[in-house]
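Engineer: mind looking at a prediction? Sequence and model below.
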Amino acid sequence: MTPATAINVSTLAIVLVLFILHVRTFIKGGKDPKILLSGIGGMISGSSLAMCVGGALGVVATWIVGTTNAASVVAPWATGTGDRALVSGAPQGLTMEGGLVVLAVGVLSWVCIREAGKKERIRQIGGVICGVCLTYTAGFGGLVNSTLIPLYNGVGAQSVAFVENLG
């Protein structure tokens, strides 16, 4: 599988199916906020992976997108339609301090996925896939650029400043 930095329309279909299944589980589960938060947490974790344009986390994100793009060939085959790439919007502006926060979020996400039950783990992994794939679109990527990246950069900068000023 080759890494990718853009998703196609069929991959968007996979993301929408994952999202719809998650919302269905939320509604059938008595609208328990824990169910909804597992997917949202996964999406934030996935977006955090995708905002790393280099390094190991960025490589994982591009491989997730590449794998999802390859798996999405079923949609055009099933519907008899063509496929095309969506306008991409790679995240930009993550600082070294923000990267530390992304690493912490990634480790926390990995621990949460490892400790979750089977159904919860599936919901979290589905959220990660959705978050990674959507971050490579222009719209959701722009949202990440304007919200999560400044948040992570700010928290990282404040954390480094706090540690530097302890003495």
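Structural biologist: Okay, I see it. Numbering: from 1, shown residues only.
Engineer: ok, Val23 to Lys34 distance?
Structural biologist: Distance of Val23 to Lys34, computed by C-beta to C-beta, to the nearest Å: 14 Å. Backbone N, C-alpha and C define where each C-beta goes, glycine included.
Engineer: more neighbours, the two?
Structural biologist: Shown here are Val23 and Lys34; by other C-beta atoms under 10 Å, Val23 has more neighbours (13 against 10).
Engineer: three-state assignment of that one?
Structural biologist: For Val23, the assignment made with DSSP: H, G, I helix; E, B strand; the rest coil gives helix.
Engineer: roughly how far does it sit from Ile64?
Structural biologist: From Val23 to Ile64 the distance is 21 Å (C-beta to C-beta).
Engineer: need the contact partners of the lowest-mean-pLDDT helix or strand in the chain.
Structural biologist: Of all helical and strand segments in the chain, the minimum by mean pLDDT, DSSP states H and E falls on helix 74-79, at a mean of 76. Residues from elsewhere that reach helix 74-79 (C-beta atoms under 8 Å, 6 or more residues apart in numbering): Val9, Ser10, Ala13, Ile14, Thr81, Gly82, Asp83.
Engineer: show me the shaky parts of the protein.
Structural biologist: 1-3, 167 (pLDDT under 70).
Engineer: what number of residues lie near Ile149?
Structural biologist: Neighbour number of Ile149 under other C-beta under 10 Å is 20.
Engineer: report the buried residues of stretch 153-167.
Structural biologist: For stretch 153-167, a neighbour-count test (16 or more other C-beta atoms under 10 Å) marks Asn153, Val155, Gly156, Ala157 as buried.
Engineer: just those residues now: which is nearest Gln92?
Structural biologist: Asn153 (11.5 Å; C-beta to C-beta).
Engineer: send the alpha carbons of the helix or strand harbouring that closest one over as PDB?
Structural biologist: Per DSSP states H and E, Asn153 falls inside helix 148-164. Output in PDB follows, covering the C-alpha atoms of helix 148-164 (Å, rounded to 0.1, in the frame of the first residue of the first chain):
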ATOM      1  CA  LEU A 148      -6.600  22.200  16.900                       C
ATOM      2  CA  ILE A 149      -3.200  23.300  15.700                       C
ATOM      3  CA  PRO A 150      -3.300  26.700  17.500                       C
ATOM      4  CA  LEU A 151      -4.600  24.900  20.600                       C
ATOM      5  CA  TYR A 152      -1.800  22.300  20.600                       C
ATOM      6  CA  ASN A 153       0.800  25.000  19.800                       C
ATOM      7  CA  GLY A 154      -0.400  27.100  22.700                       C
ATOM      8  CA  VAL A 155      -0.600  24.300  25.200                       C
ATOM      9  CA  GLY A 156       2.800  23.100  24.200                       C
ATOM     10  CA  ALA A 157       4.400  26.500  24.400                       C
ATOM     11  CA  GLN A 158       2.800  27.100  27.900                       C
ATOM     12  CA  SER A 159       4.000  23.700  29.000                       C
ATOM     13  CA  VAL A 160       7.600  24.300  27.900                       C
ATOM     14  CA  ALA A 161       7.500  27.800  29.500                       C
ATOM     15  CA  PHE A 162       6.200  26.300  32.700                       C
ATOM     16  CA  VAL A 163       9.000  23.800  32.900                       C
ATOM     17  CA  GLU A 164      11.600  26.400  32.000                       C
END
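Engineer: I am finished for the moment; much appreciated.
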